[in-house]
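> Take this sequence and fold it.
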Amino acid sequence: MSIYVGNLSYEVTSDDLNEVFAEYGTVSRVQVPVDRETGRMRGFAFVEMASEAEEAAAIAALDGAEWMGRDLKVNKAKPRENNNKRPSGGGGGWGDNNRSSRRY
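Predicted coordinates:
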C-alpha cells in the first residue's frame, strides 16, 4: 500500500510523517524525495502502510487537514510512469558511419 502526501512543508522529516501516520496504523516505510541539485525536500512524500484499511483511514483523516501551516493533499499513490523520453539503444551518432566525411 502506498499513499501520496503532497503540499508538505519543506521542514517535514520522515520521522514527522511516521509519527502522524502511525496514529492510523502500522507504517511500513516513509519515502521523502529530495531535489538532486539542492538537496532540499521536494514538498511531497510517500507513506506505505500495512493494510488497505489503515491506508483508507489515514487518507480519510488527513486529506485536506492543516499540518505545519499547509493543507495536506493525501491520496492513494498512482503507479509511477516511465517518463524517460530518450530513445533506448545508444545512438546519438551523426547519421552515417563514414568518418572521412565529418569535419572536426
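
> wouldn't Asp35 be in contact with Arg42 here?
Yes - counting by C-beta atoms under 8 Å, Arg42 is a contact partner of Asp35 at 5.6 Å. For glycine as for every other residue, the C-beta is placed from the backbone atoms N, C-alpha and C.

> between those two, which one's more packed in?
Arg42 (14 against 11; other C-beta atoms under 10 Å).

> Now do the same contact list for that one.
33-35 (C-beta atoms under 8 Å, 6 or more residues apart in numbering).

> Show me where this protein has its helices.
Applying DSSP state H to the chain gives helices spanning 14-21, 52-62.

> Among the ones you listed, which comes closest to Gly6?
The minimum distance between Gly6 and the helices of the chain falls on helix 52-62, with 11.0 Å, by C-beta to C-beta.

> Can you give the contact residues for the closest one?
1, 3, 5, 20-21, 24-26, 47, 49, 72, 74-76.

> Reformat those residues as CSV; add pLDDT, distance to Val12 and neighbour count.
Output for the contacts of helix 52-62, formatted as CSV (pLDDT from 0 to 100; distance: C-beta to C-beta, whole Å; neighbours: other C-beta atoms under 10 Å):
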residue, pLDDT, distance to Val12, neighbour count
Met1, 66, 20, 17
Ile3, 97, 14, 25
Val5, 98, 9, 27
Val20, 97, 9, 21
Phe21, 98, 12, 26
Tyr24, 97, 17, 20
Gly25, 97, 19, 18
Thr26, 97, 20, 11
Val47, 98, 11, 27
Met49, 97, 17, 23
Leu72, 98, 10, 18
Val74, 98, 13, 21
Asn75, 97, 17, 13
Lys76, 96, 20, 12
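
> shaky segments in this protein?
By pLDDT under 70, the low-scoring segments of the chain are 1, 83-104.
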